[in-house]
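Peer 1: Need coordinates for the following:
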Amino acid sequence: MVQHAKRLLSALGVLLVCIGGAATAASAQGSSDVYTVTGVSVDATGADAEQARSVALADARIKASDEVLRRFTLYEDWPRLPELDAQTAELLVAGIGVANERASATRYIADVTARLNPQAVRDHLRRTGVRFTENQAAPSLLLPVLDTPGVRVLFDEPNPWRAAWEQTGLANSLVPISLPLGDLQDFSAIDAGSAITADWPAVAQIAARYNVEQVLVAHARGDETGQLEVTLHRVTPTGSESTVRTFSGATVEEAAAAGAEGIRNSLIASWKTQNAVAFGLEQIVSASVEFTSLAEWAAIRSRLNAASIVQGLDVVAMSPRGAQINLRVAGPMPALAANLSQRQIRLVEEAGFWTITVATAMTTPQADVRPDAAAPVSGGNANTAPVPRPSPAAGGDLPADEATADRLTRQNIGSQAP
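Peer 2: Here you go, the predicted model:
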């Protein structure tokens with residue numbers, strides 16, 4: 001009863017803060033513009049204030065452009081990205097905003113937000129020849145459950161595991177992850193014990209509140225040695241899957257920071273590996289499109305053209321309820337399925353033929369497309385070689401690109417890379 005009262009008081013306190021700040025579940029999702037970079041700090045000097053400002057903003061454009069290019073490309077391809085100069089960065093950046101400006105006669109300091117021009121970025125990356133993806137994963141809600149000796153917390157404070165995730169920079173990511181508000185409605189929807197069952201009925205209520213089809217339950221177990229064992233459950237209406245990793249630090253807080261950063265990097269790296277567009281390795285995919293009206297056909301066609309992996313669409317035949325099309329695809333079939341799934345388009349292989357329909361709900365591409373299956377290619381024209389799949393990392397079962405992300409994370413926190 002005492003514990004329940006404490007939790008209720010804590011929840012009521014959070015609720016008052018939320019009311020005061022006009023917070024909503026929608027606002028908890030945060031920004032998701034992958035072409036925007038926020039918080040670029042600049043500090044430059046010049047012969048006068050105007051020159052200092054000009055130098056600082058040129059530096060901000062370069063930093064923002066570099067961040068977006070790395071955001072879209074695989075870790076292993078970063079060395080192939082050409083070094084940016086001020087002229088190239090100016091072509092890439094569509095606009096900037098400044099905050100916290102401070103200036104003297106010869107110095108300029110500010111925090112800059114920059115948004116890049118999507119077409120300019122695509123053209124630049126195509127010229128470099130590196131694989132990239134601008135396609136976002138479906139949004140996920142993360143529930144950070146922390147077990148320490150005698151205590152299990154989710155929304156209660158203190159929760160250094162949740163605090164670590166709040167510091168990882170989840171906005172504008174290819175893998176959008178949000179944290180729940182932790183208000184009274186969240187307390188009513190789920191508790192820590194229910195969350196770690198990794199069962200969809202247990203998380204369905206809070207998933208509905210935040211309008212997501214996937215919940216990540218990050219169950220961390222910490223002890224006084226600074227070790228943090230994290231079981232990450234991916235929970236969807238069709239089931240769940242789990243992975244376990246261990247992180248170390250001088251304290252639970254340090255291990256939590258390493259764990260949040262490492263898991264986030266691995267999720268992003270894995271997504272980019274699966275969805276990277278590989279120019280020069282294009283294939284022609286013949287598919288039947290099923291629709292119920294011309295308006296639905298127009299919507300399907302628009303979504304197909306919006307997928308970054310689709311380089312072109314040719315209509316071969318039409319009827320009132322269907323069409324036969326050829327897609328020029330820069331990448332393997334699993335990547336195409338993942339791209340289309342994010343746009344509510346379902347790609348299904350049946351007896352060697354591909355069918356495209358509007359998805360009634362988010363689908364898992366792997367359920368319809370076998371990653372190891374050879375992709376049917378029509379006609380034999382164009383380059384038909386499939387994009388090679390990454391080999392497993394030495395000493396582990398992570399994809400090569402994900403293992404690189406893991407090594408980078410470990411190096412960044414000063415621990416020995418595997």
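Peer 1: Thr292 belongs to a helix, doesn't it?
Peer 2: No: Thr292 is assigned coil when assessed by DSSP: H, G, I helix; E, B strand; the rest coil, not a helix.
Peer 1: And for it, the neighbour number?
Peer 2: Using other Cβ atoms under 10 Å, Thr292 has 12 other residues around it. Any C-beta I mention is one placed from the backbone N, CA and C, and that applies to glycine too.
Peer 1: So Leu232 is in contact with Ala218, correct?
Peer 2: Yes: the criterion here is Cβ atoms under 8 Å, and Leu232 meets it with Ala218 at 5.4 Å.
Peer 1: Can you pull the residues that touch both of those two?
Peer 2: Ile263 (Cβ atoms under 8 Å, 6 or more residues apart in numbering).
Peer 1: Of these two, give the one with the bigger neighbour count.
Peer 2: Between Leu232 and Ala218, counting by other Cβ under 10 Å, Ala218 is the more crowded of the two (23 against 20).
Peer 1: Tell me the confidence at the more buried one?
Peer 2: On pLDDT, Ala218 comes in at 96.
Peer 1: likewise Pro390?
Peer 2: 32.
Peer 1: which SS state does Val112 fall under?
Peer 2: Going by three-state DSSP: Val112 is strand.
Peer 1: Give me the buried positions along the strand or helix carrying Ala56.
Peer 2: Assessed by DSSP states H and E, Ala56 sits inside helix 49-72. Using 16 or more other Cβ atoms under 10 Å as the test for burial, helix 49-72 gives 52-53, 55-69, 71-72.
Peer 1: Three-state assignment for the residue sitting nearest the centre point of the chain, please.
Peer 2: Closest to where the C-alpha atoms of the chain average out (Cα atoms, centre = their mean) is Val175, at 1.0 Å. Following three-state DSSP, Val175 is assigned to coil.
Peer 1: quick one: contacts for the residue lying closest to Trp165 once chain neighbours are set aside?
Peer 2: Computed as Cβ to Cβ, 6 or more residues apart in numbering, the closest residue to Trp165 that is not its neighbour in sequence is Ala260, at 4.7 Å. Residues in contact with Ala260 (Cβ under 8 Å, 6+ apart) are Trp161, Ala164, Trp165, Gln167, Thr168.
Peer 1: if I look at the first one, how far off is Gln185?
Peer 2: It refers to Trp161. 21 Å (Cβ to Cβ, to the nearest Å).
Peer 1: more crowded one of those two?
Peer 2: Trp161 (28 against 16).
Peer 1: hang on, the earlier thing: roughly how far does the residue nearest to the centre of the chain sit from Gly239?
Peer 2: Taken as Cβ to Cβ, the span from Val175 to Gly239 is 20 Å.
Peer 1: Kindly report the same for Pro79.
Peer 2: Following Cβ to Cβ, the distance that separates Pro79 from Gly239 is 39 Å.
Peer 1: Looking at those two, which has the bigger crowd around it?
Peer 2: Gly239 (11 against 7).
Peer 1: so what's that one closest to, chain neighbours aside?
Peer 2: That would be Trp200: by Cβ to Cβ, 6+ apart, it lies 7.7 Å from Gly239.
Peer 1: pretty sure the one you found contacts Thr236?
Peer 2: Yes: between Trp200 and Thr236 there is a contact under Cβ under 8 Å: 6.7 Å.
Peer 1: now the strands for the stretch 1-150 of the chain?
Peer 2: When secondary structure is read from DSSP state E, counting those that start in this stretch, the stretch 1-150 of the chain shows strands at 36-45, 93-103, 107-116, 140-148.
Peer 1: Helix 49-72 and the longest one, what's the angle between them?
Peer 2: I take that to be strand 93-103. 130 degrees (axes from the mean of the first three to the mean of the last three Cα atoms, to 10 degrees).
Peer 1: cool, and the third one?
Peer 2: Interaxial angle of strand 107-116 relative to helix 49-72 (the same axes, to 10 degrees): 40 degrees.
Peer 1: Just name whatever secondary elements strand 107-116 is in contact with.
Peer 2: When contacts are defined as 3 or more Cβ pairs under 8 Å, 6 or more residues apart in numbering; DSSP states H and E, strand 107-116 packs onto strand 36-45, helix 49-72, strand 93-103.
Peer 1: can you pull the buried residues of that strand?
Peer 2: Here strand 107-116 shows Tyr108, Ile109, Ala110, Val112, Thr113, Ala114, Arg115, Leu116 as buried, counting by 16+ other Cβ under 10 Å.
Peer 1: and what of the shortest one?
Peer 2: Residues of strand 140-148 classed as buried by neighbour count (16+ other Cβ under 10 Å): Ser140, Leu141, Leu142, Leu143, Pro144, Val145, Leu146, Asp147, Thr148.
Peer 1: How far does stretch 338-356 stretch from one end to the other?
Peer 2: 13 Å (Cα to Cα, to the nearest Å).
Peer 1: Just the pLDDT at Thr197, thanks.
Peer 2: Note for Thr197: predicted pLDDT of 93.
Peer 1: Look up how far Ala335 lies from it.
Peer 2: In terms of Cβ to Cβ, Thr197 sits 33 Å off from Ala335.
Peer 1: The closest residue in space to Phe155 that isn't next to it in sequence: how many residues sit nearby?
Peer 2: Spatially, and ignoring its direct neighbours in sequence, Phe155 is nearest to Gly182 (4.1 Å; Cβ to Cβ, 6+ apart). Using other Cβ under 10 Å, Gly182 has 21 neighbouring residues.
Peer 1: just Pro158 next, same as before
Peer 2: When neighbours are counted by other Cβ under 10 Å, Pro158 comes out with 12.
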